[in-house]
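Asks: Give the three-dimensional model of this entry:
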Amino acid sequence: MPGEAGPPTLSLSSGEQVLDALRAAARFCGPHELPAIVAEHARLLGVSDATIHLVDLQQLTLTPFHGPVVAGAKHEPAPLDIDSTIAGRAYQHSVVLVAPSSPEHGSGTTVWLPLCESADRIGVLSVVFDDVDGVGEPDPVLATWLHRLAALVGELVALKKRYGDSIVMARRSTEVDLAAEIQWGLLPPLTFGSRDVSVAAVLEPAYDVAGDSVDYAVDTDIVRLGVFDGMGHGLQSAQLASLAVESYRNARRAGRSLTETAAAIDQAIERGFSECFTTAVLAELCTSTGELSWISAGHPAPLLLRSGRVVRTLHVDPGLPFGLGLPDTDHHYPVQSEQLESGDQVLFLTDGVLDARSPSGDHFGVERLADLLSHNIAASLSPAESMRRVGRALLQHQEARLTDDATMLLMEWPGHQPGLTSAEVQALPWPEAPRV
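Replies: Purely as a prediction, here's the structure:
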């Protein structure tokens, strides 16, 4: 009708064209080709030396990922320590940081950007720009496109690692044994975050883990999770954990209750292994109400954290470990419930955490663990970074020689978060990149 406004005129900026071209080029590339494709398209944004740095399995270092080794290429740069470098600080806090470039880049300035797949931290992306005016940071337009570049690269790395071994191998600082290979192939992403729940886990020793495992599923109004500790250590222990997790997933996806799921896991292990067992905690969180329910199969009790402090253990009368084959198993796993408050965190763990001993025989213990968690929460660290630091402290306590698998999973319920209507979402401004 006359006088009505027509549809808005749409156009593509040069930055959008570059990212679209990168996405198109990466669509049909192998994982080993991704670094060169990213560097090529980053140059079209006006920066140079774009390099992907991948975090290792223990989250101790960030390793440059250049794809295939080229004959005659310069010496491969050493991995960057997460706890003592600016790149590591960008990774720890998921922030963008700027620093003068190394001498080979002349007067350039390096920007370090976190690489993530959703909430899961993958590493960092470094790019160099020519800081001719000595401002110390890119102009706002370039900063915006660097943020969007890093977001796209994080998604591409997560996608491409499924199609080859180069990305997986770049994340390893030493050889992974067969039992640990089974476990890493079984695990979900160790970090998840949404407006309903956050999950962060750590497993040690990362290159030699066998019997411990975790699993979770986030669905409508409910989060289901399990923490497992199979008996022994080595290949059989990894196979036992694999059967426990897969039977857990099978029962969970069939819509079974906690007690029915416990019975299914118990029966699967009894049939699959002779005289073997696994301890476990299975839990369900209703994200709309904050009600947590859980059962224990002979497993250490979870810890409840409130206002940054460990307030108590979440006790339930435990049933026997899965695999011992008692009749009417579902009657032997009582369900306990706890009403969480907004911001509460629950730490699930295996006995290898509390029982870890220093060379002098000192246990790591719940008091030390509680102090570490309280300190990290007071420092406003993310659940993922808190778990990384507790895992590092555990390794240091035993001088990197763990005698048992040690696993932790931290779940946080943020509470009731007000949502936006569709009209309010559409009215939101196009996001500006934070200043770097």
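
Asks: all helices for the stretch 151-300 of the chain, in order.
Replies: 166-170, 178-186, 235-253, 258-272 (DSSP state H, counting those that start in this stretch).

Asks: Likewise for the stretch 1-150 of the chain?
Replies: In the stretch 1-150 of the chain, the helices defined using DSSP H, counting those that start in this stretch lie at 14-27, 34-43, 86-93, 140-160.

Asks: Could you save the helices of the stretch 151-300 of the chain as a markdown table and add columns showing distance to residue 296?
Replies: C-betas here are computed from N, CA, C, even on glycine. Formatted as a markdown table, the helices of the stretch 151-300 of the chain follow (distance: least, Cβ to Cβ, whole Å):
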| stretch | distance to residue 296 |
| --- | --- |
| helix 166-170 | 34 |
| helix 178-186 | 22 |
| helix 235-253 | 14 |
| helix 258-272 | 9 |
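
Asks: Which one, of those, ends up nearest to residue 315?
Replies: helix 258-272 (16.1 Å; Cβ to Cβ).

Asks: Would you mind giving the helices of the stretch 151-300 of the chain as TSV with mean pLDDT, distance to residue 225 and mean neighbour count added?
Replies: Below are these laid out as TSV (pLDDT from 0 to 100; distance: least, Cβ to Cβ, whole Å; neighbours: other Cβ atoms under 10 Å):
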stretch	mean pLDDT	distance to residue 225	mean neighbour count
helix 166-170	94	25	20
helix 178-186	91	15	17
helix 235-253	94	10	20
helix 258-272	93	11	20
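
Asks: out of those helices, which comes closest to residue 354?
Replies: Residue 354 lies closest to helix 235-253 among the helices of the stretch 151-300 of the chain, at 19.3 Å (Cβ to Cβ).

Asks: mind saving the C-alpha coords of that closest one as CSV?
Replies: Taking Å, rounded to 0.1, in the frame of the first residue of the first chain, the C-alpha atoms of helix 235-253 are listed here in CSV:
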residue,chain,number,x,y,z
LEU,A,235,42.6,-52.0,29.1
GLN,A,236,40.0,-54.1,30.9
SER,A,237,39.1,-51.1,33.2
ALA,A,238,38.6,-48.9,30.1
GLN,A,239,36.4,-51.6,28.5
LEU,A,240,34.4,-51.8,31.7
ALA,A,241,33.9,-48.0,31.8
SER,A,242,32.9,-48.1,28.1
LEU,A,243,30.2,-50.7,28.8
ALA,A,244,28.9,-48.7,31.8
VAL,A,245,28.6,-45.5,29.9
GLU,A,246,27.0,-47.0,26.8
SER,A,247,24.5,-48.9,28.9
TYR,A,248,23.8,-45.7,30.8
ARG,A,249,23.1,-43.9,27.5
ASN,A,250,21.0,-46.7,26.2
ALA,A,251,18.7,-46.7,29.3
ARG,A,252,18.7,-42.9,29.5
ARG,A,253,17.6,-42.6,25.9
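
Asks: Does anything pack onto that helix? Which helices or strands?
Replies: For helix 235-253, the packing partners by 3 or more Cβ pairs under 8 Å, 6 or more residues apart in numbering; DSSP states H and E come out as helix 178-186, strand 212-219, strand 222-230, helix 258-272, strand 278-286.

Asks: In a markdown table, list those along with distance to residue 87.
Replies: Shown next, in a markdown table, are the helices and strands packed on helix 235-253 (distance: least, Cβ to Cβ, whole Å):
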| stretch | distance to residue 87 |
| --- | --- |
| helix 178-186 | 24 |
| strand 212-219 | 28 |
| strand 222-230 | 32 |
| helix 258-272 | 42 |
| strand 278-286 | 35 |
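
Asks: What is the end-to-end distance of stretch 65-79?
Replies: Stretch 65-79 has an end-to-end distance of 10 Å (Cα to Cα, to the nearest Å).

Asks: Can you list the low-confidence ranges for the chain?
Replies: In the predicted model of the chain, residues 1-12, 68-76, 103-107, 131-135, 325-331, 400, 403, 416-436 satisfy pLDDT under 70.

Asks: hmm, try it at 50
Replies: Filtered on pLDDT under 50, the chain yields the residue ranges 70-73, 329-330, 420-436.

Asks: domains for it, by residue range?
Replies: Following automatic domain parsing, the chain resolves into domains at 14-169, 177-412.

Asks: Report whether the expected contact of residue 399 with residue 360 is present.
Replies: No. Using Cβ atoms under 8 Å as the test, residue 399 is too far from residue 360 to be in contact (10.3 Å).

Asks: higher neighbour count, those two?
Replies: More neighbours surround residue 399 than the other of residue 399 and residue 360, with 9 against 5 (other Cβ atoms under 10 Å).

Asks: quick one: contacts for residue 93?
Replies: Counting by Cβ atoms under 8 Å, 6 or more residues apart in numbering, residue 93 makes contact with 381, 385.

Asks: Please tell me how far it sits from residue 381.
Replies: For residue 93, the distance to residue 381 equals 8 Å [Cβ to Cβ, to the nearest Å].

Asks: go on, residue 23?
Replies: Taking Cβ to Cβ as the measure, residue 23 falls 33 Å from residue 381.

Asks: Have a look at these two and say which one is more surrounded.
Replies: Neighbour count, other Cβ under 10 Å: between residue 23 and residue 381, residue 381 has more, with 17 against 13.

Asks: Just to check, the more buried one is in contact with residue 387?
Replies: No. Taking contacts as Cβ under 8 Å, residue 381 lies outside contact range of residue 387: 9.4 Å.

Asks: among the helices of the stretch 151-300 of the chain, which is nearest residue 198?
Replies: Using Cβ to Cβ, the helices of the stretch 151-300 of the chain put helix 235-253 closest to residue 198, at 20.1 Å.
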